[in-house]
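In: Output the structure for:
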Amino acid sequence: MNKNIPMPDERGYFGEYGGQIIPPELVVIMDEIKDAYLEISQTKAFQDELNDLYANYVGRPSPIYYAKRLTERLGGAKIFLKREDLNHTGAHKINHCLGEALLAKHMGKTKVLAE
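Out: Residues are numbered from 1 along each chain as shown. Got it, this is the predicted structure:
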């Protein structure tokens, strides 16, 4: 782990910032999700299954494209674009959704509500 990258503390805070703003009715449910995430997210089985989905469903790793004309037009540093638009579903959102769905599966849930 890179020591220069700030990570949240055990409460999910980055320094004085962080936390949750949720209705009291959801606190128990969110705690259940948090506990399940902390229990399984770093296990080899969970990581292997998630990485398999990324590779065989999403199409990751996404290619990196050298934007030659944009680099020439702007001058200076070479510009590269990570092509998340080539993912299955055409966006970066699938990366997050697969993790949520896999967590729900391991929790024995049969429904997932998402934005």
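In: Which residue lies closest in space to L50, excluding its sequence neighbours?
Out: Spatially, and ignoring its direct neighbours in sequence, L50 is nearest to L102 (5.7 Å; C-beta to C-beta, 6 or more residues apart in numbering). In short, each C-beta sits where N, CA and C put it, glycine included.
In: In three-state terms, how would that neighbour be classified?
Out: Under DSSP: H, G, I helix; E, B strand; the rest coil, L102 falls in the helix class.
In: what sits against it?
Out: Counting by C-beta atoms under 8 Å, 6 or more residues apart in numbering, L102 makes contact with F46, E49, L50, L53.
In: how much space between the spatially most central residue of the chain and Y66?
Out: Note on the chain: the residue nearest the mean C-alpha position is H96, at 3.9 Å, using C-alpha atoms, centre = their mean. As defined by C-beta to C-beta, to the nearest Å, H96 lies at a distance of 27 Å from Y66.
In: circling back to that earlier point, per-residue pLDDT of the residue nearest to L50, please?
Out: On the pLDDT scale, L102 is placed at 94.
In: Quick one: end-to-end distance for stretch 79-91.
Out: Stretch 79-91 has an end-to-end distance of 20 Å (C-alpha to C-alpha, to the nearest Å).
In: which other residues reach it?
Out: 57-60, 62-67, 70-71, 92, 94-95.
In: go with 7 Å
Out: Stretch 79-91 is touched from outside by 57-59, 62-67, 70-71, 92, 94, with contacts defined as C-beta atoms under 7 Å, 6 or more residues apart in numbering.
In: can you give me how far that stretch is from the chain middle?
Out: 15 Å (C-alpha atoms, centre = their mean, to the nearest Å).
In: What are the boundaries of the strands in this protein?
Out: Applying DSSP state E to the chain gives strands spanning 13-14, 17-18, 64-66, 80-82.
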